[in-house]
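Asks: can you look at this prediction? I've put the sequence above it.
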Amino acid sequence: MFTNLLPKIVLDASGYRRTENSPIFIGQHHSTFLGKGSEWERGPKMRHFDDVDLFLALTDADADLFRTVVKARCGSVPNIAPPMDRSRSRPAPHVVALARYEHEKRLDLMIEAFAAATRHAYQDWQLHLYGEGSLRSQLEEQIRRLKVEDRVRLMGRTDDVEEVLGTASLHLMTSEFEGFPMSVLEASAMGLPTLAFDCSPGLRALVSDDSGVLVDPDDPAAFSIELERLIADGGLRARLGNGALAVAATFSGDAVVDRWFDHIKDCVRRRRDAGNPEMGTGAGS
């Protein structure tokens, strides 16, 4: 299993040759095809995955795109929604985000949107940002500049996601790109709806009109408007939270493991049907 491209490049460079008794090779990509940071894996280096038995993306939509740059059979397996203890849920007027304090998470837009949404009302609501990163001092300065120190808090890193999500009423994501975000899966498993920028097929697989709200990535004003609407309407949050729970159930451990076994059995069958011919050399060897 190659969880990213680099180990396959190293293996090919080592001179390793596959034979009829070699293990099944499965390549993976854990972000979205169009995400920034993935550009080099959409170029010529992807030829290193041409000879794997199977290449897996996180969504069917991403798999379709990877078929344009990988000659191997392509499929998808999503991340697993972790089991969450909903008995720990004690919702307060808190909006929460779990994200690194880095540029691609666009937390400055989240803070601006929350400040605008709570400028004239809902000032009892708070935004709690859990994470760490190089932009902490810049975000602190932004919070001071907007005069929202009483409503926006940088909480730092947490190792108790259930506790964090259990105190929240809404989950936010303002990322520039995502694969199949675990924070949305975790929030969904706790019955929290997500408001996010529509930045990837993975997000669209998790957030729909029944489980949250997606807005145009280039429209921060719409994000603020939708945030205020969700803060104002507890009934809407409850309905979307129930939808989020239903979505999380479709990505249970059993369901995702079954998909893995189906893919692996298909690889075994195809190798058997091909008569176990000797494998060729790895791409780039």
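Replies: Looks like it came in fine.

Asks: show me which residues of the lengthiest helix in the chain are buried.
Replies: The residue-count maximum for a helix in the chain (DSSP state H) belongs to helix 253-273. For helix 253-273, burial by neighbour count (16 or more other C-beta atoms under 10 Å) applies to 263, 267, 271. C-betas here are computed from N, CA, C, even on glycine.

Asks: over to stretch 66-80?
Replies: Of the residues in stretch 66-80, 66, 69-70, 72-80 count as buried by neighbour count, 16+ other C-beta under 10 Å.

Asks: of all those, which two lie farthest apart?
Replies: Among the buried residues of stretch 66-80, the pair separated by the greatest distance (C-beta to C-beta) is 69 and 80, at 26.5 Å.

Asks: related to what we said a few turns ago, so what secondary structure elements neighbour the longest helix of the chain?
Replies: The helices and strands touching helix 253-273, judged by 3 or more C-beta pairs under 8 Å, 6 or more residues apart in numbering; DSSP states H and E, are strand 26-28, strand 54-57.

Asks: quick one: closest of these to residue 131.
Replies: In terms of C-beta to C-beta, the element of the helices and strands packed on helix 253-273 nearest to residue 131 is strand 26-28, at 24.9 Å.

Asks: still on that earlier bit, least confident of the buried residues of helix 253-273?
Replies: Least confident by pLDDT among those: that is residue 271, with 88.

Asks: quick one on the thing from earlier: which of the buried residues of stretch 66-80 fall in helices?
Replies: When these are checked against helices (DSSP H), the matches are residue 66.

Asks: closest one of the buried residues of stretch 66-80 to residue 205?
Replies: residue 78 (6.9 Å).

Asks: low pLDDT regions in the stretch 151-285 of the chain?
Replies: For the stretch 151-285 of the chain, applying pLDDT under 70 flags the ranges 276-285.

Asks: circling back: in JSON lines: the buried residues of stretch 66-80, plus distance to residue 1 and pLDDT.
Replies: What follows is the buried residues of stretch 66-80, written out as JSON lines (distance: C-beta to C-beta, whole Å; pLDDT from 0 to 100):
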{"residue": "66", "distance to residue 1": "16", "pLDDT": "92"}
{"residue": "69", "distance to residue 1": "20", "pLDDT": "90"}
{"residue": "70", "distance to residue 1": "16", "pLDDT": "92"}
{"residue": "72", "distance to residue 1": "14", "pLDDT": "95"}
{"residue": "73", "distance to residue 1": "15", "pLDDT": "96"}
{"residue": "74", "distance to residue 1": "15", "pLDDT": "96"}
{"residue": "75", "distance to residue 1": "14", "pLDDT": "97"}
{"residue": "76", "distance to residue 1": "15", "pLDDT": "96"}
{"residue": "77", "distance to residue 1": "11", "pLDDT": "96"}
{"residue": "78", "distance to residue 1": "16", "pLDDT": "95"}
{"residue": "79", "distance to residue 1": "15", "pLDDT": "94"}
{"residue": "80", "distance to residue 1": "16", "pLDDT": "95"}
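
Asks: which one of the buried residues of stretch 66-80 is nearest residue 224?
Replies: Of all those, residue 79 has the smallest distance to residue 224: 28.9 Å, by C-beta to C-beta.

Asks: and that closest one, how far from residue 93?
Replies: Going from residue 79 to residue 93 by C-beta to C-beta, to the nearest Å gives 30 Å.

Asks: so who does the spatially most central residue of the chain touch?
Replies: Residue closest to the average C-alpha location in the chain (C-alpha atoms, centre = their mean): residue 181, at 1.6 Å. Contact partners of residue 181, counting by C-beta atoms under 8 Å, 6 or more residues apart in numbering, are 173, 175, 202-203, 206.

Asks: ditto for residue 65
Replies: By C-beta under 8 Å, 6+ apart, the residues touching residue 65 are 33-34, 57.

Asks: ok, now with 6 Å
Replies: residue 33 (C-beta atoms under 6 Å, 6 or more residues apart in numbering).

Asks: distance check, it against residue 35.
Replies: For residue 65, the distance to residue 35 equals 11 Å [C-beta to C-beta].

Asks: go on, residue 244?
Replies: 23 Å.
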